[in-house]
Structure formats: structure tokens, C-alpha cells
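1. 3D, please:
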Amino acid sequence: MTVICWFRRVLRLDDHPALVAAAEQGAVIPLVILDPTEARDHPASAQRQAMSLPSVEASLRRQGSRLIVRRGHPVEVLEEITRQTGATTVHATEGFPFARDDGLAEAAERGGARLHLHPLADLVPRGSVLTGAGGVYKVFSPFWKALRKSPIAPPLAVPRLTAPDAWPDSDGTDWPEARAEMDRGWDVLARHIRAGEDEAHARLEAFLEGSLPDYKEHRDQPARDRATSSLSDALAVGEISARRIWARCQPAFQSGERGVDHFLSELCWREFARELLHDSPDMPASCWRPEWNRFPWKPDNEAAEDWRRGQTGVRIVDAGMREMYATGQMHNRVRMITASYLTKHLLTDWKLGLDWFARCLTDWDAASNAMNWQWVAGCGPDASPYFRIFNPDTQAEKFDPKARYQDHWMRPDAPGAHDFAAAAPRSWNIDLSRRALPALSLAEGRARALTAYEQLKS
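-> The predicted model follows:
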């Protein structure tokens, strides 16, 4: 019996429920589908996935298998490849929170196969951690407390695969639509990506052996090397599972090692975001607190475009936006600063920022992106209070006191600044020697935001 395992944003062999199920059923054809729509909407994430495919292919070949890559809309590809291969079943991971599953089962059936969707290898199944009243937690702290008491399924081992008698054609591991969308940024971003399942596991081990004890104290310092696990992109493209990270941390957790509790709470924040998106699927498009839909955020504007291009004149904000455009990453503390500046000092719609991050981040995750933007803007669950307006200069003094992070991205002769200039579209006319001037003072922006919030309350 021939079955297909669709590696759907699960670019690993370890703890892969769909792959385990497929291996138990018959000869497995591992499949990846490169959707041009995803490349258009999330080009940095698409590039990150593309760069992981050679690693997946190498791992499969060590088992005597191979990776089949097809480009096109998933509905069309599934119907075509099931018909070509005579596969009886397609095993895949459910699309949440990255994509919808509409039409997939029907497409497989037209090709003569049955689609079996498996849940994500998250810490807990969606809807399994509920309040005493049976509802979804709306505040993180009690959710974290409840999850710690919940059973976490152990990760699954890598299965032994059987090859089919014949292999279908493959389009290869390149993703030309993503490469075209990234344009000049592709080669720059590629230098900052460490792809592959083995690399993700090595990164976790290095973090646990070196940086974990000081994680809580150092995680907010953007200039500090290896202060965090740097696993967000590997988690987002499925090179490592949350369950595997949780299991690997348990010896340190049980022994009370310093730093591990805080690190696992951050892993749980990702679960919290997914729980909320599952309960409120319109969270990326509408304020979770409905009264905030009346707030007069500005639509796209010139100051917002300066923000996107890292030309606001506020040094740490511009440094963060440059880091994201060149590397596909931005330090978490700086993400909060840049988001606060857009939504509060510039009073610009948080959804504009959400969309830009979705295009530029290699660790884009629909649930985390939506919840984090609403948290900063003040309109979401467990939100930052409306009056909490990050002062970028104060934040820089506290978390980057020697300006090492800012200098790396803002000083004209610094490597980071040159990476940004090389990645940016030519139409931006980036001149590293020119210092942008802020559109308004930080005090003026804060006062304007507080006035708008008070008017909303009244």
C-alpha cells in the first residue's frame, strides 16, 4: 500500500505524528507543497522553509527514502499526485494556525485517496486547558499555571520508512516564487539562516548547556549573544516540536535549575496564543476587545512607511526594523518597542504592523503575531494597559546601555547597516550616511496617545 505524508510546515522526522501514522500504514512518499500564495504573503517565512528542505531531503535519503516537492495550489497538487501515485491515504498535519484545510479532503478523494489530518505536536491539544467554568483562559498567568499541571504527551521517535516501488517526479527544493518576492533580500537573509532539524536540536543543546541559567536576566538585552534559545524560526517551520523542547527541559525543570521555569513559560506563551486564536479565529483582523474597534487608528500613512523602512529617526526603532528586514528576525524586546511606537506614538493601525511582520519574519506564526500585536496595542487578551507606552529612548538606555545593538544596525560603517542596505529595495534609496529626523517628539507622541485613549474610554 502506498501512502503520502505531506510535510506541511513540519520539516522534520522527529515527533511527526503524520509521518509515524504513514509509516505504520505502508510505503511512504514524503511530500512538500510550495504554494505561490504563501510565497506572496509570507516571503521571508517561505524562504526559511525552502532553506530547510535540503536538510529534510538528506535525512530521508539516509533512510533510503526521498523528498518529493511540488509547486502549486495544495488542492490542485493533492488531486494530481494522489492520482499519479495511486496512494490510498494522505497523512498530513492540520493547517491551523498557518492555513485553512478547506477543499483538501475533497481533492484527495478525487485523486482516489483519503485525507487524514493529524493534530499539531503542540504541548497540549487545543481546548484541553480550560477554566473551572469550562471557558478559555483570557489571562496568561493562570493559563500557565494550569498547563503546568496538564499531561504533556511524550514526543514520538523517528519511524522507519519503507520506500514505494516507484517515485513520482519532483520539482526540486528551490522556491522560485519566494526568491522572486524576496528579490535583493534573498541572498542577505540566507546568510543569517541556520536551517535544518539537526541544527535546531544542536541549538537547543547549546542553550541548555550554556545560557539557560541566565536566561531570565539576559533575555531582554538585544546586544547579548546567545542569551536566548534562538529557536523561534525552527519552531515556526517545524524543524523541532514544542513537545521535544519541553521533554528535553524536564530534567532541568525537575531539579529546579535556574532559568528553566521562565524559559518554559515563554514556550507556553506560544500555546496561549494558539489557544486564543483557536477560540477567536478573527483575531488577526479584528480587535479582541470589541470596543477597541472604535479607536481612531490611522490607516497607512507616510510616517508608517518610514517605520517600515527603518527611517523614523528613533534609533532603536530603526535598528529593530533594519534587523528584521535583513535577517528575518527581531529581538523580542525590540519587537515590543517598535510595535508600541507604531500603534501609540504614531497612532497607526496595529493590523498594518501585523501585516509587515508577517511578510518579513522568518519565525512568522499567525497566532503569536496576532496576539502580540494586540497585546502591545492594548486591544487584545491579557493586553498591555493602554497607558503603558514604551519610551524608546528609555528602553534603549535600560536594555542597550552601550548602544552596541543600535550601532550594529545604525552606524554607517557597521556590518548590520550594510546588510540592510544590500537587502532593501532600490526604490527605498537607502543612504546610510543620512540620519532621519523623528516626525514628532516622544513626549508629544505619548501625550497624543493618552488623549486618544481617554476619549475612547469616555
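
2. On the three-state scheme, I316 is what?
-> Recorded secondary structure, I316: helix (DSSP: H, G, I helix; E, B strand; the rest coil).

3. again, but for the one 4 residues further on
-> The three-state label for G320, taken from three-state DSSP, comes out as helix.

4. Count the residues that sit near it.
-> 27 (other CB atoms under 10 Å). Glycine gets a C-beta too; all of them are placed from N, C-alpha and C.

5. do P251 as well
-> P251: 11 neighbours (other CB under 10 Å).

6. From the chain's centroid, how far away is the helix or strand hosting it?
-> Taking DSSP states H and E as the definition, P251 sits inside helix 242-254. Between the centre of helix 242-254 and the centre of its host chain there is 21 Å, according to CA atoms, centre = their mean, to the nearest Å.

7. What residue spans form the domains of the protein?
-> Structural domains assigned to the chain are 1-121, 122-152+195-279, 290-457, following automatic domain parsing.

8. Secondary structure of K145: a helix, I assume?
-> Yes: under three-state DSSP, K145 falls within a helix.

9. Roughly how far does it sit from S265?
-> 10 Å (CB to CB, to the nearest Å).

10. okay, these two: which has more neighbours?
-> For K145 and S265, the more surrounded residue by other CB under 10 Å is S265, and the numbers stand at 17 against 13.

11. got the contact list for that one?
-> By CB atoms under 8 Å, 6 or more residues apart in numbering, S265 lies in contact with W144.

12. Confirm it sits in a helix?
-> Yes: according to three-state DSSP, S265 belongs to a helix.

13. got a pLDDT number for it?
-> pLDDT, S265: 97.

14. try S458
-> 82.

15. ok, now F387?
-> According to the prediction, F387 has pLDDT 75.

16. which ones are touching it?
-> So F387 contacts L450, Y453 (CB under 8 Å, 6+ apart).

17. which helices and strands does the one helix or strand in the chain whose mean pLDDT sits lowest pack with?
-> Lowest by mean pLDDT, DSSP states H and E among the helices and strands of the chain is helix 442-457, with a mean of 94. Contacts defined by 3 or more CB pairs under 8 Å, 6 or more residues apart in numbering; DSSP states H and E place helix 442-457 against no helix or strand at all.

18. Tell me which residues of it come out buried.
-> The neighbour-count check on helix 442-457 (16 or more other CB atoms under 10 Å) flags L442, G445, R446, A449, Y453 as buried.

19. picking up where we left off before, dump the domains of the chain into JSON lines; add distance to L161 as well.
-> JSON lines is the format used below for those (distance: least, CB to CB, whole Å):
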{"stretch": "domain 1-121", "distance to L161": "5"}
{"stretch": "domain 122-152+195-279", "distance to L161": "15"}
{"stretch": "domain 290-457", "distance to L161": "28"}
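
20. Show me the one of those that comes nearest P164.
-> For P164, the closest of the domains of the chain is domain 1-121, at 4.2 Å, according to CB to CB.

21. Check the offset of the closest one from the chain's centre.
-> On CA atoms, centre = their mean, the centre of domain 1-121 falls 20 Å from the chain's centre.

22. Check stretch 365-380 too.
-> 12 Å.

23. Could you look up the SS state of the residue located most distally from the centre of the chain?
-> No residue in the chain sits farther from the centre than D165, which is 37.4 Å out by CA atoms, centre = their mean. On the three-state scheme (three-state DSSP), D165 is labelled coil.

24. Backbone dihedrals for it, please?
-> With angles defined as degrees, to the nearest 10, D165 sits at phi -70, psi -30.

25. Who are the contact partners of it?
-> Going by CB under 8 Å, 6+ apart, the list of residues near D165 reads T2, A27.
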